[in-house]
Structures are given as C-alpha cells and as structure tokens.
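Asks: Need the 3D shape of this:
(chains A and B)
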Amino acid sequence: MVDSIVSAASVIAAAVAVGFAGIGPGIGQGNAAGQAVEGIARQPEAEGKIRGTLLLSLAFMESLTIYGLVVALSLLFANPFVG
Amino acid sequence: MYTFLISKIEVGSHFYVNFSDSLHLHGETVLVSSLVVAAVSVFLIIGTSDLKKTPGPLQNVIEIIYELVKSIAVTQIGPSYYSQFLPFVATIFLFVLGSNLSGALLPWKLLEIPSGELAAPTNDINTTACLALLTSLTYFSAGFKIKGIGYFARYIKPELFLLPINIAEDFTKPLSLNFRLFGNVVADELTVTVICSLVPILVPVPIMMLGLFASSLQALIFATLAAVYIGEVIE
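Replies: Numbers count the residues shown, from 1 in each chain, chains lettered A, B, ... in the order given. This next block holds a predicted model:
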C-alpha cells in the first residue's frame, strides 16, 4: 500500500520536475535568441561571433532543464524510496 | 501498446567485472572508454608525427582542434598561465568528444557482451563524475601552486558572510558538471530510443543529428567550464 503510494507520487514528481524545469530555461532561451536576432539584424557582420556565443549560452540554459530531467529519471528508473 | 513500450525500453544492467565481494567495475564502460582513449591517442600520434609547412588533410584537422582548444584556454585562463593547463583542457575536450561521438556513430549493437550493452562511456555517471572530480582537483591544485596559501583568501573575497556560499560552490561545481554531461548524453539516447520504439524508420534521423550536434557541443562546454573554473581561481 505504502509502496504503491510512493510509486504514484514518484511518477507525478518526475512529471512535475521535468515540466517545471522546462519553463525557466524556455523563457531564457527565447530571450537570448531574440536578442541575438536583434544583434544580427543591427550588425550582420558580427553574425559568426554572435552565433558562437548564442549556442554556448543556449547550452548552459539547456543544462538547467537537464538537471530536472536527471531528477525525473532517477525517480523513474533508480528510485531510492521504493524498497 | 503499453506492454509493447515496456518491453522495448528497460533499465539495463551493467556488465560487472568482479574483483572481490565489494569491488567491481562496469566492464562495458571501461572497455569502450579505453577504446576511445586508444583511438584518440593513435589519431593524435599519427596526425602529429609528420608535420609539414603545407599541411595535409589530417594535419589540417589537428590544427583546427589545437586552435579551438587553445582559444578556449587563452580566453578563459589568460595568456600568462594558459600553457600549463592547455594539456588538461585538451585532454578533457578530446576524451568527452570522442566518447560522445563513439556512442552516437559506432554500431555497438553488433557486438554482443554477456550482459548489458556497449554504449558511450559518458552514458555512465561514474565516468562523468570522475571527469568532474578531476576538474575540481585541477583547479584546487592550480590555486595552491600559483597563489600558495593566499588561495584561501578567495573564500572570503567580496565579504566574510559569503564564506558558506563559497564553500558550497566547491561542491556544486563538480556536481553540475557531472549532471550536465550525464543528463545530456542520457537524454539524447532516451529520446532516440523512445522515438525508435514508436516509429522505427526515418523519423529518428533528425533527432540523431540533433544528438550528434548536442554531444559535440557538450564536449566544448565541459572544456570551457573546466577552463573557466581554473581561470577564476588563478586570476
């Protein structure tokens, strides 16, 4: 009984973890990409530099979502609370 | 439908090589990572053995890699100290790149091992944890070597009350490096697996391309962050 409650809670927690972890980085990545497009439109000759910086910072933001995903995966596949 | 999915995706087991009751290692990870180390070493030795004024195709690739790694080290660590840490940054970059690409490009399924299956070594959290711990060991020893005992002044740098946060940062840095690499590689493989089990033909290819791109980017990011951490200790 307790075990099934723990499993159900873990599944919900995994979904919530990865869902909420997607919100912040989504907003951040949108901001960053928008600013980069603006920068390229203003100064097309700096495109290469802007693209490199953009990709690097996008990957940094992406890693925040990945933390949520790691928590979700460990809840689903390596749950420490289920006996 | 439900049982179909469950039967296709399962939590695999490792290929344990036991030394004693409590001491064992993950055979598939050690095997693939030593293969990657060997491949990268052979590539570098062959590429640098016969250097010419007008580079051939192989030497061109080597020079591109060298310039990329050198620009990372110079911009993050600074022009006066970068040469001491360039080998470390380059090693991290090439190992992570080689293992990520080996997981994405080589058909490991063709090789059968007793249990588990061969995949990228960065797919195992122990590999990434080891890389992250090596990074923190490097920046500690870099700080000691260059600043001596004055290294500890950075823990109370802006203000004294930030001491707990500065200490906690030493633990969160390797942790975040570790989870970033591991999570990216596993997320990539998991996405491809799920889409392959839904539509096994043609549809997973763009996702695989995205994974190839993301895993090369992760190697770049791991190396950049290692250089950033070293650079902010010795600045």
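Asks: Am I right that A:Asn79 is in a helix?
Replies: No - under DSSP: H, G, I helix; E, B strand; the rest coil, A:Asn79 sits outside any helix and is assigned coil.
Asks: So what's the residue count around it?
Replies: 15 (other Cβ atoms under 10 Å in any protein chain shown). (C-beta placed from N, C-alpha, C; glycine too.)
Asks: Which residues are in contact with it?
Replies: For A:Asn79, the residues meeting the contact criterion (Cβ atoms under 8 Å, 6 or more residues apart in numbering or on different chains) are A:Val6, A:Ser7, A:Ser10.
Asks: how near is the closest residue to the first one other than its chain neighbours to A:Ser7?
Replies: So that's A:Val6. On the basis of Cβ to Cβ, 6 or more residues apart in numbering or on different chains, the spatially nearest residue to A:Val6 that is not a chain neighbour turns out to be A:Phe81, at 5.1 Å. A:Phe81 is 9 Å from A:Ser7, where distance means Cβ to Cβ, to the nearest Å.
Asks: More neighbours: those two, which one.
Replies: Counting neighbours by other Cβ under 10 Å for A:Phe81 and for A:Ser7 shows that A:Ser7 has the greater number, 15 against 12.
Asks: And the residue nearest to A:Val6, its phi and psi?
Replies: Note on A:Phe81: backbone dihedrals following degrees, to the nearest 10 are phi -90, psi -20.
Asks: Check what pLDDT the residue of chain A found nearest chain B gets.
Replies: For chain A, the residue closest to chain B is A:Ile66, as judged by Cβ to the nearest Cβ, at 3.6 Å. A:Ile66 is assigned a predicted lDDT (pLDDT) of 87.
Asks: Am I right that it is in contact with B:Asn184?
Replies: Yes - under the criterion of Cβ atoms under 8 Å, A:Ile66 lies in contact with B:Asn184, with a separation of 5.6 Å.
Asks: wait, what's in contact with residue 72?
Replies: Answering for chain A, as no chain was given. Residues in contact with A:Ala72 (Cβ under 8 Å, 6+ apart) are A:Ala13, A:Ala14, A:Ala15, A:Ala17, A:Val18.
Asks: should've been chain B
Replies: B:Val89, B:Phe93, B:Leu220, B:Ala223, B:Thr224, B:Ala227.
Asks: Out of those residues, name the ones that lie in strands.
Replies: Here DSSP state E is the test, and the contacts of B:Ile72 give no hits in strands at all.
Asks: any low-confidence regions in chain B?
Replies: Low-confidence regions of chain B, defined here as pLDDT under 70, cover residues B:1-12.
Asks: and it, which residues reach chain A?
Replies: For chain B, the residues found near chain A under the criterion Cβ under 8 Å from any Cβ of the partner chain are B:11, B:176, B:179-180, B:182-184, B:186-187, B:190, B:214, B:217-218, B:220-221, B:224.
Asks: Can I get the buried part of those residues as one PyMOL selection?
Replies: Selecting only the buried members of those in PyMOL, with burial defined as 16 or more other Cβ atoms under 10 Å in any protein chain shown, works like this:
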select buried, chain B and resi 176+179+180+182+183+184+186+187+214+217+218+220+221+224
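Asks: just checking, which of the residues of chain B next to chain A belong to helices?
Replies: Restricting the residues of chain B next to chain A to those inside helices, with DSSP state H as the criterion, leaves B:176, B:179-180, B:182-184, B:186-187, B:190, B:214, B:217-218, B:220-221, B:224.
Asks: farthest-separated two in those residues?
Replies: Within those, B:Leu190 and B:Thr224 form the most distant pair, 25.1 Å apart (Cβ to Cβ).
Asks: re the thing from before, could you tell me which residues within whichever strand or helix holds the residue of chain A closest to chain B count as buried?
Replies: Taking DSSP states H and E as the criterion, the element that holds A:Ile66 is helix A:47-77. Of the residues in helix A:47-77, those with enough neighbours to count as buried (16+ other Cβ under 10 Å) are A:50, A:54, A:58-73, A:75-76.
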